[in-house]
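Asks: any chance you can model this:
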Amino acid sequence: MTSFKTLDDLGDVAGKVALVRVDLNLPMQDGSATDVTRAEAAKPTVMELCEKGAKVLLVAHFGRPNGQRHSTMSTSFVQGDVEEVFGSEIMFVPEVSGPVVEQAIGILRNGDIGLLDNVRFWPGEEANDPAFADAIAAHGDFYVNDAFSVSHRAHASTEGLAHRLPAYAGRAMEAELKALDAALGNPEPPVAAVVGGAKVSTKLDVLQHLVGQVRHLIIGGGMANTFLAARGVDVGKSLCEHDLTDTANAIMDKADHAGCTVHLPYDVVVAKEFAPDPPSRRVCNVHEVAEDEMILDIGPQAVEALADVLKTCRTLVWNGPLGAFETSPFDEATVALARTAAALTQDGSLTSVAGGGDTVAALAHAGVKDDFTFVSTAGGAFLEWMEGRELPGVAALRS
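Replies: This is a model prediction of the structure:
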């Protein structure tokens with residue numbers, strides 16, 4: 001694994017200013033956060049730096065202001081929620097550089113926290129403008145990136161600062177990088193990957209990369225319909241990208257040459273309408289789907305076979321549900337396989353790493369989110385990592 005400096009490598013930081021990139025882009029409703037997971041992820045790093053006597057300046061974005069100030073997108077909106085999670089008062093600083101920030105640093109005592117305003121209010125952030133990065137860096141003694149979820153962006157606060165100050169991975173970032181290394185960097189074989197979701201087109205690069213990395217590729221969700229169609233199966237009125245059947249066949253050919261087994265369902269759950277518990281719901285063989293039916297989940301026999309596959313594996317990486325899990329009863333396959341993976345993880349026979357918004361929701365729905373080895377809340381960054389790409393914010397931390 002590439003070595004990264006972590007908080008363990010810090011010397012005496014009492015009185016020094018830590019610029020800490022965190023993800024505080026919290027979902028809001030009626031003026032308060034509906035989910036504070038991202039703030040909770042940042043807490044261990046921030047509290048550790050405070051205990052060591054550093055002055056902590058939080059660098060974060062909120063929404064998509066496109067390089068302009070928006071009164072509704074100031075990070076001051078999340079200040080109260082973050083204070084509650086941290087159990088600590090936070091000083092809001094309405095700038096990211098200049099005399100106002102300098103003045104705030106003078107007021108902060110050792111161990112205090114300041115929250116800079118939305119770094120995306122300035123066009124220099126997303127442009128990774130050197131002068132903008134210089135201006136922010138001028139206020140810090142060292143930089144900590146604890147926001148894996150935005151590290152696929154080469155922005156001033158994720159990549160630029162890391163080249164201007166001594167740079168360290170925060171605790172959440174460190175845990176993420178260790179887990180990802182265990183999943184696909186240097187995994188214990190055999191490795192299985194579950195890739196679900198609606199469309200092949202959104203995960204083409206993921207699939208192309210994984211067939212060369214894993215022994216078993218389990219395809220679910222609407223994506224599986226495209227692969228079934230490529231194999232000559234009539235999928236009725238199921239969600240299917242018929243224009244990508246040649247691509248699906250090419251991926252399966254590549255898998256054959258790489259010694260990777262692609263698992264597609266041979267029994268499926270179908271219905272004539274997509275609604276909760278429809279009377280038309282039935283389980284059938286994939287070759288028995290009627291033209292007025294749609295595939296909405298994989299069937300119980302396929303789930304059982306996939307559970308047997310996982311029992312032969314030592315590592316699992318999971319992104320995307322197997323069926324339309326938000327609507328009962330089309331959550332059954334995802335829940336069943338997730339529980340199998342969780343049980344194997346708890347037994348110590350499987351290292352399981354999952355990521356992506358839908359995936360986190362599906363595992364929480366199955367009641368096993370805390371039973372996987374690691375669950376990443378990152379969306380785009382997790383997908384790009386699964387595509388085998390180097391993430392600029394991570395690469396910049398290399399020591």
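Asks: how about low-confidence regions in the protein?
Replies: Flagging of the chain using pLDDT under 70 yields the residue ranges 1-2, 399.
Asks: domain-wise, how is it divided?
Replies: Domain ranges of the chain: 7-174, 187-386, per automatic domain parsing.
Asks: how about these, which one is nearest V394?
Replies: Among the domains of the chain, the nearest to V394 by CB to CB is domain 7-174 (5.1 Å). C-betas here are computed from N, CA, C, even on glycine.
Asks: between the two ends of that closest one, how far is it?
Replies: Using CA to CA, to the nearest Å, one end of domain 7-174 lies 9 Å from the other.
Asks: over to stretch 273-284?
Replies: 16 Å.
Asks: over to stretch 117-132?
Replies: 14 Å.
Asks: now do stretch 20-35
Replies: Using CA to CA, the end-to-end distance of stretch 20-35 comes to 21 Å.
Asks: and that stretch, how far out from the chain middle?
Replies: Taking CA atoms, centre = their mean, to the nearest Å, one finds stretch 20-35 lying 16 Å from the centre of the chain it belongs to.
Asks: what sits up against that stretch?
Replies: Residues from elsewhere that reach stretch 20-35 (CB atoms under 8 Å, 6 or more residues apart in numbering): 36, 38-39, 41-42, 45-46, 49, 56-63, 75, 77-78, 80-82, 115, 143-147, 149-150, 157-158, 161, 170, 393.
Asks: for the domains of the chain, which one sits closest to R398?
Replies: domain 7-174 (8.9 Å).
Asks: follow-up on the earlier one: which one of the domains of the chain lies closest to L397?
Replies: So among those, domain 7-174 is nearest, using CB to CB, at 5.4 Å.
Asks: can you show me the helices along the stretch 201-350 of the chain?
Replies: 204-210, 221-230, 245-258, 300-311, 332-347 (DSSP state H, counting those that start in this stretch).
Asks: now these as JSON lines including mean neighbour count and distance to P187?
Replies: Formatted as JSON lines, the helices of the stretch 201-350 of the chain follow (neighbours: other CB atoms under 10 Å; distance: least, CB to CB, whole Å):
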{"stretch": "helix 204-210", "mean neighbour count": "20", "distance to P187": "12"}
{"stretch": "helix 221-230", "mean neighbour count": "26", "distance to P187": "23"}
{"stretch": "helix 245-258", "mean neighbour count": "16", "distance to P187": "15"}
{"stretch": "helix 300-311", "mean neighbour count": "17", "distance to P187": "14"}
{"stretch": "helix 332-347", "mean neighbour count": "21", "distance to P187": "14"}
